[in-house]
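A.B. asks: A predicted structure for the sequence below; I have some questions about it.
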Amino acid sequence: SAVISQKPSRDICQRGTSLTIQCQVDSQVTMMFWYRQQPGQSLTLIATANQGSEATYESGFVIDKFPISRPNLTFSTLTVSNMSPEDSSIYLCSVEEAGGIKETQYFGPGTRLLVL
Amino acid sequence: GQSLEQPSEVTAVEGAIVQINCTYQTSGFYGLSWYQQHDGGAPTFLSYNALDGLEETGRFSSFLSRSDSYGYLLLQELQMKDSASYFCAVSGVDSGGYQKVTFGTGTKLQVIP
């Protein structure tokens, strides 16, 4: 299984600012996924990041608000732009099992964001 | 689209057996997965069923019936550390024809002494 780290683990930000979350994997992976999870709620997929191409965003999420970079096969960033209190959430990155098995995903520890 | 239903909360006694059900709707079904998430922690993968039947991994088992669009997670010999949220996740095909994984709303399991 892949080992995933995220930075920062938590942050408190002022509205209108932006925060970039980093996700590092200990092995090369084709796809990385970014999720949002409100406390006590389910996981909502924001976007899928492929190395070398633009990220694919889910309905309700746009690139201007959540720009994603994927410079290589072990790293990705998600930026939460022009933040509002509604963006307060846990942001998780994940990767799928080797071989493209999306049904088996490994998650990072998450970034807990509070926007004031 | 894809949708899942699972109970929001379940309480069970230490040492007992508990079953968490999940029904789903999807197109182009690939499989059903289960994840465990402790408070403040990240989701961790438990099991995956692509075919009908029971998959056993230690104290945890997962069952799938594709004809009924139904699955369950069975936890045996419950321990206090099993108190967590359990998510089922269905892998299917979205409206754009791409494979997509959708998570259920989660079942919060409380194990009591």
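C.D. replies: Arrived safely, thanks for sending.
A.B. asks: Please count neighbours and contacts with C-alpha atoms only from this point.
C.D. replies: Fine.
A.B. asks: so what secondary structure elements neighbour the helix or strand of chain A with the lowest mean pLDDT?
C.D. replies: Counting by mean pLDDT, DSSP states H and E, the weakest-scoring helix or strand in chain A turns out to be strand A:101-107, with a mean of 79. With contacts taken as 3 or more Cα pairs under 8 Å, 6 or more residues apart in numbering or on different chains; DSSP states H and E, strand A:101-107 sits against strand A:89-97, strand B:27-37, strand B:44-49, strand B:84-93, strand B:99-103.
A.B. asks: Could I have the CA atoms of that strand written out in PDB?
C.D. replies: Backbone C-alpha positions of strand A:101-107 (Å, rounded to 0.1, in the frame of the first residue of the first chain) are rendered in PDB as follows:
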ATOM      1  CA  ILE A 101      -7.800  -0.300  -9.200                       C
ATOM      2  CA  LYS A 102     -10.000   2.700  -8.200                       C
ATOM      3  CA  GLU A 103     -12.000   0.600  -5.800                       C
ATOM      4  CA  THR A 104      -9.000   0.500  -3.500                       C
ATOM      5  CA  GLN A 105      -7.800   3.900  -2.500                       C
ATOM      6  CA  TYR A 106      -5.200   5.000   0.100                       C
ATOM      7  CA  PHE A 107      -5.800   8.300   1.800                       C
END
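A.B. asks: show me where pLDDT drops low in chain B?
C.D. replies: Across chain B, nothing is flagged by pLDDT under 70.
A.B. asks: so which strand or helix has the residue lying farthest from the centre of it?
C.D. replies: The outermost residue of chain B relative to its centre, with distances by Cα atoms, centre = their mean, is residue B:96 at 25.4 Å. Assigned by DSSP states H and E, residue B:96 falls within no helix or strand.
A.B. asks: what does residue B:1 give?
C.D. replies: Element membership for residue B:1 (DSSP H and E) is empty, with no helix or strand holding it.
A.B. asks: That one touches residue B:92, doesn't it?
C.D. replies: No. With contact defined as Cα atoms under 8 Å, residue B:1 does not reach residue B:92; the gap is 9.0 Å.
A.B. asks: quick one, which of those two is more surrounded?
C.D. replies: A count of neighbours by other Cα atoms under 10 Å in any protein chain shown puts residue B:92 above the other of residue B:1 and residue B:92, at 22 against 11.
A.B. asks: need the residues of chain B near chain A, please.
C.D. replies: Taking Cα under 8 Å from any Cα of the partner chain as the measure of proximity, chain B contacts chain A at B:31-33, B:41-45, B:48, B:87, B:89-91, B:100-106.
A.B. asks: May I have the phi/psi pair for the closest residue to residue B:77 other than its chain neighbours?
C.D. replies: Spatially, and ignoring its direct neighbours in sequence, residue B:77 is nearest to residue B:15 (4.3 Å; Cα to Cα, 6 or more residues apart in numbering or on different chains). With angles defined as degrees, to the nearest 10, residue B:15 shows backbone torsions of phi 90, psi -10.
A.B. asks: Phi and psi next, for the residue in chain B that chain A sits nearest to.
C.D. replies: Of all residues in chain B, the one sitting closest to chain A is residue B:105 (4.6 Å; Cα to the nearest Cα). With angles defined as degrees, to the nearest 10, residue B:105 sits at phi -80, psi -10.
A.B. asks: Only C-alpha atoms, please: export stretch A:43-55 in CSV.
C.D. replies: Backbone C-alpha positions of stretch A:43-55 (Å, rounded to 0.1, in the frame of the first residue of the first chain) are rendered in CSV as follows:
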residue,chain,number,x,y,z
LEU,A,43,-16.3,12.2,1.2
THR,A,44,-17.0,14.3,-1.9
LEU,A,45,-14.6,14.1,-4.8
ILE,A,46,-13.3,17.5,-5.9
ALA,A,47,-11.1,16.4,-8.8
THR,A,48,-8.9,13.8,-10.3
ALA,A,49,-5.3,14.7,-11.1
ASN,A,50,-3.3,13.0,-13.8
GLN,A,51,0.3,13.7,-14.3
GLY,A,52,0.9,15.7,-17.4
SER,A,53,-2.7,16.7,-18.1
GLU,A,54,-5.2,19.1,-16.6
ALA,A,55,-7.2,17.9,-13.6
